[in-house]
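Visitor: Structure here, sequence nowhere to be found:
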């Protein structure tokens with residue numbers, strides 16, 4: 001006679017996936033850059049803030065900045081839908097802002113380069129060393 005063994009298998013849906021170290025570090029770096037951008041822009045305004053200053057405040061290099069955001073505008077707006085609401089409120093609270101001059105909208109996203117090795121088109125001109 002054959003013996004039937006009942007196996008109880010737990011599904012992965014029962015437990016949420018655990019965030020790995022790499023994912024956590026990436027999330028923290030993105031958040032640090034976003035917060036640094038918000039703080040600097042709130043203090044001095046968007047035009048007066050540079051990407052190098054945002055990167056320095058977040059304790060990363062400017063090159064690392066571009067791994068997360070393609071512009072300082074994108075860093076200020078953030079990557080989460082709730083970020084746009086928060087930024088809109090901060091801007092609207094600034095003195096001299098009215099609905100027309102201080103409105104904020106999510107920029108359109110460029111097509112995703114899914115399936116690539118994480119490469120992206122640079123948002124700034126190449127360094128002078130590359131030109132010769």
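Guide: Ah, there it is. All values reported here derive from a predicted model rather than from experimental measurement. Numbers count the residues shown, from 1 in each chain.
Visitor: in the chain, which ranges drop under the pLDDT threshold?
Guide: Applying pLDDT under 70 to the chain flags residues 1-14, 80-132.
Visitor: Output the longest helix belonging to it.
Guide: In the chain, with assignment by DSSP state H, the single longest helix is helix 21-44.
Visitor: Residues contacting that helix, please?
Guide: 19, 49, 53-55, 57-60, 64-65, 68-69, 72, 75-76, 78-79, 83, 87, 90 (C-beta atoms under 8 Å, 6 or more residues apart in numbering). C-betas here are computed from N, CA, C, even on glycine.
Visitor: Which of those fall within strands?
Guide: Among the contacts of helix 21-44, none falls in strands (DSSP state E).
Visitor: Write the ChimeraX selection for whichever of these are buried.
Guide: With 16 or more other C-beta atoms under 10 Å as the criterion, this ChimeraX line picks the buried residues out of the contacts of helix 21-44:
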select :49,53,54,55,57,58,60,65,68,69,72,75,76,78,83,87,90
